[in-house]
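Chemist: make a model of this:
(3 chains)
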Amino acid sequence: MKKGDHLFLVDGSGYIFRAYHALPPLNRKSDGLPTNAVLGFCNMVWKLVQDARNTNVGVVPTHFAVIFDYSSKTFRSELYPEYKANRSAPPEDLIPQFGLIRQATVAFNLPCIEMEGFEADDIIATYSRLACEAGADTTVISSDKDLMQLVGPTVGMYDPMKDRQIGIPEVIEKWGVPPEKMIDLQALTGDSVDNVPGVPGIGPKTAAQLLEQFGDLDGLLARAGEIKQDKRRETIIANADKARISRELVTLKNDVPLKEGLDDLVLHEPDGPKLIGFLKTMEFTTLTRRVAEATATEIGDVQASAVTVERADTAHGPDVGAGAPPSQRPAAPARNDAAKPPTRGEDAPPQGDTPSLLSALRLEQAAARKIDPSAYSAIRDAAALKAWIAQAREAGILALDAETTSSDPMQADLIGLSMAITPGRAIYVPFAHTSGNGDLLGGGLLENQIPVREALALLKPLLEDRSVLKIVQDMKYDIVVMSRHGIDVAPFDDTMLISYVLDAGTSGGHDLASLSEKWLGHAPAAKKELAGSGKNAIGFDQVDIERATTYAAEQADIALQLWQVLKPRLAAKGLVSVYERLERPLVPVLARMEQRGISVDRQILSRLSGELAQGAARVEEEIYGIVGERINIGSPKQLGDILFGKMGLPGGSKTKTGQWSTSAQLLEDLAAEGHELPRKIVDWRQLTKLKSTYTDALPGFINPGTNRVHTSYALAATTTGRLSSSDPNLQNIPVRTAEGRKIRTAFIAEKGHKLVSADYSQIELRVLAHVAEIPQLKQAFADGADIHAITASEMFNVPVEGMPSEVRRRAKAINFGIIYGISAFGLANQLSIPRDEASAYIKRYFERFPGIRDYIEETKAYAREYGFVETIFGRRIHYPEIRASNPSVRAFNERASINARLQGTAADIIRRAMVHMEEALDKAKLSARMLLQVHDELIFETVEAEVEATIPVVRSVMENAPMPAVSMSVPLHVDARAANNWDEAH
DNA sequence: ACAGAAGCTTA
DNA sequence: GTAAGCTTCTGTT
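Modeler: Prediction:
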């Protein structure tokens, strides 16, 4: 073996267990021999031997070996008799596969290596050392953490199941320590599967932290007395011996006396007939065919070979090391497109104007600066805070981030505040961290913190100071939290919204972590690394102050640096007014809407839930009666099998995963043919959907403090400029069916109040008429005529009077189709007509309204040229894939860009209405409060006596919303109604 | 435990 | 044919 060679070492034993559990059961057809792990193994080896180039393994092997455990008795049992003692026997149908995989290895012409007294891992360690000494590189094919100690400059790992490399960065990401400290980490944490004791109560996180602090295990044990936490110090001192023996157990032996030398591991071409013989025996037809093609062997010429199947009582199955490696999240490759050359049209070539230069300069500075946690500190007394506030006043600008206990700003307790004035430096002010040793009372407040009240009293003048700009990522959250403490933070810039205005539609989100990676090339610490996730999550109050400081200060620091890079880009791209008129002013408006919430009647929901439950139970019994067994109706898989398998209904289409489709559309069609079961399934789905998503879920969102439901609006979640609503989503409350509408009756006005609903009529079609300048449509809207009827009349030359409803329906579908970026395929589906008929409709439509064809072509050409489209207010929506070579990807982007101009303009219009609404109501001395937005509808709550006065004000603001920025050539029309509940008001 | 698919709700 | 979010089931290449 020489320099440049590459050795692949497959952890055969580890692979068997992992493949067995990960792969679906598979049995040889002829006799039921279980073979799933064998097939997985063969596929993996074939891929690596034949086609490593097309995997993420990165290199092509020159040497190859598969390593197995020999038996459970190794030198480790001598060292520590309990080692691997509580290992249970492997599953029955895995046992015969141990031997088969060894035979598969031989069939592949690969060395099959095992050694009495040593584990596979020791052999792997030995070969990788020898290879390194020979100047060659090694890839260990495994994801077992026990092998990670081997990772280094010349040794990598590769997880064949996830097609993912594991190098030094991946080890650090997963375990928090570099590979050379894995031994010490495992010595501390132990391993319950292998019965390595470790130190009780020390898990990977604590171990990594201790090793970070003390360097290595010996350092830690020598200086254990310095550990601050009482309990931790004691257990480590008491269990020092266990840690030492554990270290011996997990340390891999790299001087195993091997029979085969490196040169015996040279990779040979596969012997086609020999391998095919084995694969044929196993009845792996696909792989057999593939191997035959690659080795130019005629399958028919090869006889199935004999294999030996070991029986459970003779196999050395129990001896094989279990491989249940912890799952690994694929690491997103670091990406920094800030340095990329500008795309054609989109980013204009570097200009001489100040904003571009400033932006470029800031980017350079940010890229050069390393984020250094040691420049972050905690402020823990009032005097220091006062001094800091004085500096911030002087600076006139300050980034901040509130740390709380909940992602719901209406429930969050404020735990601390981080702030930054100078890039690279930041402070954290802890207010309410607790000792976190977790009894139900939550532990006591830690010392040396400025109490919330006192700290906020000091900070309030700064946060409300009109001459100090506050920079925040996602300001709406902080506004809600701070306003609950009586602080009105202003003025502000929001880095999330600046990014949204600049880059809506480009890949990547607008959250702090994504922006930091994109612009600063730095991945900030994740909150879940401090506070955990899922059911093990702790409140931020329980995170210790030191770690909280590093995390929180970094958040503020990054917000500041992002602002420095992004803000000048707004001016450079002419997007300042979009940000200042459509985004930033909406933040406090939405914050107030969220804070107000809406009243939801629990009793109505609970009554409805009962009715739905009864209804669903009845339909369920009827379904069971027809089907003859109690299947899970909620499982599309089971349903498909029953409908199209057992009952033999004419199955329509399959979904992309090969399942029978059981969509409502398809079931409706079957019902129309006279089948009774599909109808019942559709009914059952409606009832259970209403129950689970609405009547059962909504009461859980009633805030115990306010007795109202507070949705959360996302300003930067959609590509088009629409808002989105979540937790709960109040933008998809049912309205189409009578059953569903009952849910809306539960949304009620306070006593003595009414709900007012005001919605734009046909806003997107009006926008279309305006931007595409279609005379007939403009005229129809000016006349207040029925737009779909006019369209039908134009297309089919029929009078509007006495028009058959079917004719109007088709015209309506075409109008909507235009808004969605029409295709014959889509229209045909919508109207259940043949594709050529739909094509004919579209052709005719374009003949009658040539302006719309022009509009569509112009939009596509513009998007192709610039990579984005704009709304009439200048909002940009990017389509980076508009020039894709894949026709369906390209067509999708074309339709989306056509829709985005219309949907986005409509979204801008209602945003403008919302921004102006409060002042208009104020000026008219009306007390109405805006509660909800549903894309083209606003819902208000107002005292009964003011209803009549409120409606004209609301209507006027909404209808005139485009003014004075844009004067539309088509009038906007708003319908408004008041009632006691949302159903009647709508 | 978590992610993705399927399905359903809205404008 | 556009834009979203939530629930349930399923599988863990």
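Chemist: burial of A:Leu608, as a residue count?
Modeler: 20 (other C-beta atoms under 10 Å). Where C-beta positions appear, they are placed from N, C-alpha and C, glycine not excepted.
Chemist: give the buried residues for the host helix or strand of it.
Modeler: For A:Leu608, the element it lies in under DSSP states H and E is helix A:602-627. Of the residues in helix A:602-627, A:604-605, A:608-609, A:612, A:615-616, A:619-620, A:623, A:627 count as buried by neighbour count, 16 or more other C-beta atoms under 10 Å.
Chemist: kindly report the same for stretch A:670-686.
Modeler: So stretch A:670-686, judged by 16+ other C-beta under 10 Å, has buried residues A:670-671, A:675, A:677-686.
Chemist: and the buried residues of helix A:602-627 as a markdown table, adding distance to DNA strand B and pLDDT?
Modeler: Output for those, formatted as a markdown table (distance: C-beta to the nearest atom of the strand, whole Å; pLDDT from 0 to 100):
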| residue | distance to DNA strand B | pLDDT |
| --- | --- | --- |
| A:Ile604 | 17 | 95 |
| A:Leu605 | 15 | 95 |
| A:Leu608 | 14 | 94 |
| A:Ser609 | 15 | 93 |
| A:Leu612 | 12 | 94 |
| A:Gly615 | 13 | 93 |
| A:Ala616 | 13 | 93 |
| A:Val619 | 13 | 94 |
| A:Glu620 | 15 | 93 |
| A:Ile623 | 14 | 94 |
| A:Val627 | 16 | 90 |
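Chemist: of all the residues you listed, which two lie farthest apart?
Modeler: A:Ile604 and A:Val627 (33.9 Å; C-beta to C-beta).
Chemist: on that earlier part again, the buried residues of stretch A:670-686: which ones sit near DNA strand B?
Modeler: A:682, A:685-686 (C-beta under 7 Å from any atom of the strand).
Chemist: in helices, which of the residues you listed appear?
Modeler: A:682, A:685-686 (DSSP state H).
Chemist: backbone dihedrals for the residue in the stretch 101-250 of chain A positioned nearest to DNA strand C, please?
Modeler: When scored by C-beta to the nearest atom of the strand, the stretch 101-250 of chain A has A:Met161 as its residue closest to DNA strand C, at 4.4 Å. Per-residue torsions, A:Met161: phi -70, psi -40 (degrees, to the nearest 10).
Chemist: so it sits right up against A:Arg18, yeah?
Modeler: Yes - checked against C-beta atoms under 8 Å, the pair A:Met161 and A:Arg18 is within contact range at 6.4 Å.
Chemist: common neighbours of the two, please.
Modeler: Here A:Met161 and A:Arg18 have A:Ser143 as joint contacts, going by C-beta atoms under 8 Å, 6 or more residues apart in numbering.
Chemist: which one's more surrounded, these two?
Modeler: Between A:Met161 and A:Arg18, counted using other C-beta under 10 Å, the more crowded position is A:Arg18 (23 against 16).
Chemist: just the pLDDT at the more buried one, thanks.
Modeler: Reported pLDDT at A:Arg18 in the predicted model: 80.
Chemist: check which helix or strand it maps to.
Modeler: Per DSSP H and E: helix A:12-22 holds A:Arg18.
Chemist: what residues of that helix count as buried?
Modeler: By neighbour count on 16+ other C-beta under 10 Å, the buried set for helix A:12-22 is A:12-20.
Chemist: quick one, the following helix or strand past that helix and helix A:12-22 angle?
Modeler: Using DSSP H and E, the helix or strand that follows helix A:12-22 in sequence is helix A:36-51. For helix A:36-51 against helix A:12-22, the angle by axes from the mean of the first three to the mean of the last three C-alpha atoms, to 10 degrees is 120 degrees.
Chemist: averaged pLDDT, helix A:36-51. What do you get?
Modeler: 91.
Chemist: can that helix be found next to DNA strand C?
Modeler: Yes - counting by C-beta under 7 Å from any atom of the strand, contacts between helix A:36-51 and DNA strand C involve A:39-40, A:43-44.
Chemist: show residues contacting that helix.
Modeler: Residues from elsewhere that reach helix A:36-51 (C-beta under 8 Å, 6+ apart): A:8, A:10, A:12, A:15-16, A:19-20, A:22-26, A:54-55, A:57, A:61, A:64, A:66, A:94, A:97, A:100-101, A:104-105, A:108, A:110, A:141, A:160, A:267, A:270, A:279, A:282, A:284, A:287, A:290-291, A:294.
Chemist: and the next element down the chain from it?
Modeler: strand A:63-67.
Chemist: that next one - contacts with which helices or strands?
Modeler: With contacts taken as 3 or more C-beta pairs under 8 Å, 6 or more residues apart in numbering; DSSP states H and E, strand A:63-67 sits against strand A:6-11, helix A:12-22, helix A:36-51, strand A:112-113, helix A:120-133.
Chemist: downstream of the lowest-mean-pLDDT helix or strand in chain A, the next helix or strand is which one?
Modeler: Scoring the helices and strands of chain A by mean pLDDT, DSSP states H and E places helix A:354-368 at the bottom, with a mean of 73. Under the assignment DSSP H and E, the closest C-terminal helix or strand after helix A:354-368 is strand A:376-378.
Chemist: mind listing what's buried along that next one?
Modeler: So for strand A:376-378, counting by 16+ other C-beta under 10 Å, buried means A:376, A:378.
Chemist: one more: stretch A:937-944?
Modeler: Buried residues in stretch A:937-944, defined by neighbour count with 16+ other C-beta under 10 Å: A:937-942.
Chemist: does any bit of that stretch sit next to DNA strand B?
Modeler: Yes - interface with DNA strand B: stretch A:937-944 contributes A:Glu937 (C-beta under 7 Å from any atom of the strand).
Chemist: how about residues contacting that stretch?
Modeler: Contacts of stretch A:937-944 (C-beta under 8 Å, 6+ apart): A:596, A:598, A:749-750, A:752-760, A:910, A:913-914, A:917, A:926-933, A:950, A:954, A:958, A:978, A:982, A:985-986.
Chemist: and DNA strand C, is that stretch touching that?
Modeler: No - judged by C-beta under 7 Å from any atom of the strand, stretch A:937-944 stays clear of DNA strand C, getting no closer than 13.5 Å.
Chemist: which is the next helix or strand following the helix ranked longest in chain A?
Modeler: What stands out as the longest helix in chain A, according to DSSP H, is helix A:887-923. Where DSSP H and E defines the elements, the next helix or strand beyond helix A:887-923 is strand A:929-933.
Chemist: and that next one, how far out from the chain's middle?
Modeler: The chain centre lies 29 Å from the centre of strand A:929-933; the measure is C-alpha atoms, centre = their mean, to the nearest Å.
Chemist: in that strand, what's buried?
Modeler: Counting neighbours by 16+ other C-beta under 10 Å, strand A:929-933 gives A:930-933 as buried.
Chemist: residue contacts, A:Ile856?
Modeler: A:818, A:821-822, A:898.
Chemist: not counting sequence-adjacent ones, nearest residue to A:Thr159?
Modeler: Heads up, residue A:159 is Asp, not Thr. Spatial nearest neighbour of A:Asp159, excluding adjacent residues (C-beta to C-beta, 6 or more residues apart in numbering): A:Ser143 at 3.9 Å.
Chemist: work out for me the element that neighbour sits within.
Modeler: Applying DSSP H and E, one finds A:Ser143 in no helix or strand.
Chemist: shaky segments in chain A?
Modeler: A:85-89, A:192, A:230, A:310-355, A:357, A:437-442 (pLDDT under 70).
Chemist: close to DNA strand B: what parts of it are there?
Modeler: Going by C-beta under 7 Å from any atom of the strand, the residues of chain A near DNA strand B are A:533-535, A:636, A:640, A:655-657, A:659, A:661-664, A:667, A:682, A:685-686, A:689-690, A:693, A:731-737, A:740, A:934-937.
Chemist: quick one: which of these sit in strands?
Modeler: A:Glu937 (DSSP state E).
Chemist: now list the buried members of the residues of chain A next to DNA strand B.
Modeler: A:640, A:661-662, A:667, A:682, A:685-686, A:690, A:693, A:731, A:733-734, A:740, A:934-937.
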